[in-house]
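Q: Let me see the structure of the following:
(one chain, ligands or ions: 1)
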Amino acid sequence: MEAELQRLREGVLAGLAGAADLRALDEVRVAALGKKGSVTELVKSLGALPPEQRREAGQSFNALKRELEEALTVRKAELEKSAVAARLVAERIDVTLPPRERPEGRIHPVSQVTDEIVAIFADMGFAVAEGPDIEDDWHNFEALNIPPEHPARQMHDTFYLEALQDGAPLLLRTHTSPVQIRTMLAGKPPFRIIAPGRTYRRDSDMTHTPMFHQVEGLVIDRETHMGHLKGCLIDFVGAFFERDQVPVRFRPSYFPFTEPSAEMDVGCRRSRDELLIGEGSDWLEILGCGMVHPRVLQAVGLDPDEWQGFAFGMGIDRVAMLKYGIPDLRTFFESDLRWIRHYGFLPLDVPSTYAGLSR
Ligand code: DAH
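A: Take a look at the predicted model:
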């Protein structure tokens, strides 16, 4: 009996010492002290002993059990310590490694500039309105005081679709002005909206692409006049080009949907291959504007004796080129990764008028 106990003891102790990790240690524990473990079985066999031997054997069994449990605790602590040490080595961070690159994606200058324009006009209390890229003749032309035989239609180089609506072909909108019409039909005056979006014309060279972007502006109220138009656009230009004093001038012009009509130029300086906005003695046209024509108001059911206001339309791509010095419009739409890495903006630098538009 003694000899058997001794063998068992040595066997388990050797097992504990040899366990290389916590898992192996647990296997040794189960094999010895588990429900069907060797030590447990031995304790169970106590019952078979004659009563006079039982007491003494019980004591030495318990002593063995306690000794083994203690040895197990000690070995477990040892293994835990070395497991932590091993993990620290394995999970070591080399703080001298270069940081991970910032996200690869860039915001396209058109998106950036659109966000900038929206931020500025939002500050002045304008809401953003939208309309469809596929328009009908009435919204794109008729309601804007451009009847079928009007020469302005030729200037628009329209893409017509095969689909007809009320006998007239649908088309890709040639400007964002139809959003004026949709806005006034859908709501009640006063209105104060801008409408950025895609526009389409059959045209392609250094400064024209078949698809381009415009932003429309519309303010309708009871007493809105040309002074409001000028103040609004002068404030916009200063905020957009991020300069206190941008020289501007308003030149008389013609648009069927405004009367009077004007074009707005900003002062600039052209040197060999540079264009500087805000100084110098040259002028550059950036938008068309005017007081909304009474016929346009009538087309949407507003009484021109009660309501009046101004509108403007600006090329987004064009002002993006001016602000960020991008020479060729066509490159905007070529999806060249090197181009977008150079001219694009970081996704997290969202433009706002308080934190800075372009930074
Ligand atoms: N729709 C005109 C164009 O595409 C731009 C324009 C001029 C819009 C004057 C306006 C405006 O709202 O008042 O050429």
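Q: give the contact list for the residue of the stretch 1-150 of the chain found nearest the ligand.
A: Taking CB to the nearest ligand atom, the ligand has its nearest neighbour within the stretch 1-150 of the chain at residue 144, 7.9 Å off. Backbone N, C-alpha and C define where each C-beta goes, glycine included. By CB atoms under 8 Å, 6 or more residues apart in numbering, the contact list for residue 144 reads 177-178, 180-181, 256-257, 296, 299.
Q: Next step: the residues you listed restricted to strands.
A: With DSSP state E as the criterion, strands contain none of those.
Q: Among those, which one sits closest to residue 4?
A: Nearest to residue 4 out of the contacts of residue 144 is residue 178 (CB to CB; 100.2 Å).
Q: Run through the residues that contact the residue nearest to that closest one when sequence neighbours are not counted.
A: Distances taken as CB to CB, 6 or more residues apart in numbering place residue 139 nearest to residue 178, at 3.9 Å, with adjacent residues excluded. Applying CB under 8 Å, 6+ apart to residue 139 gives the contacts 131, 173, 178, 181-182.
Q: tell me which residues of the strand or helix carrying residue 60 are tucked away?
A: Using DSSP states H and E, residue 60 sits in helix 51-90. Of all the residues in helix 51-90, those buried under the rule 16 or more other CB atoms under 10 Å are 57, 61, 64-65, 68, 71-72, 75-76, 79.
Q: Let's have these in CSV, adding distance to the ligand and pLDDT.
A: Formatted as CSV, the buried residues of helix 51-90 follow (distance: CB to the nearest ligand atom, whole Å; pLDDT from 0 to 100):
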residue, distance to the ligand, pLDDT
57, 106, 82
61, 100, 84
64, 98, 86
65, 94, 88
68, 92, 89
71, 90, 89
72, 86, 90
75, 84, 91
76, 80, 92
79, 78, 91
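Q: related to what we said a few turns ago, just checking: which of the contacts of residue 144 also lie near the ligand?
A: Contacts with the ligand are made by residue 177 out of these, judged by CB under 6 Å from any ligand atom.
Q: With neighbour count added, can I get the contacts of residue 144 in JSON lines?
A: Converted to JSON lines, these look like this (neighbours: other CB atoms under 10 Å):
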{"residue": "177", "neighbour count": "29"}
{"residue": "178", "neighbour count": "23"}
{"residue": "180", "neighbour count": "29"}
{"residue": "181", "neighbour count": "22"}
{"residue": "256", "neighbour count": "19"}
{"residue": "257", "neighbour count": "24"}
{"residue": "296", "neighbour count": "23"}
{"residue": "299", "neighbour count": "19"}
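Q: just checking, what packs against the very next helix or strand once past the helix holding residue 60?
A: With elements assigned by DSSP H and E, the helix or strand that comes after helix 51-90 is helix 109-123. Helix 109-123 makes packing contacts with strand 191-200, strand 211-221, helix 226-240, helix 316-324 when contacts are defined by 3 or more CB pairs under 8 Å, 6 or more residues apart in numbering; DSSP states H and E.
Q: Does the next helix or strand after helix 109-123 pack against any helices or strands, and if so which?
A: Beyond helix 109-123 in the direction of the C-terminus, DSSP H and E gives the next helix or strand as strand 127-128. Applying 3+ CB pairs under 8 Å, 6+ apart, we find strand 127-128 packed against strand 191-200.
Q: cutoff 10 Å now
A: If contacts are counted by 3 or more CB pairs under 10 Å, 6 or more residues apart in numbering; DSSP states H and E, strand 127-128 sits against helix 109-123, strand 191-200.
Q: For the shortest one, which strands pair with it and how are they oriented?
A: The one in question is strand 191-200. Strand 191-200 pairs in its sheet with strand 127-128 (parallel), strand 211-221 (antiparallel), by DSSP bridges.
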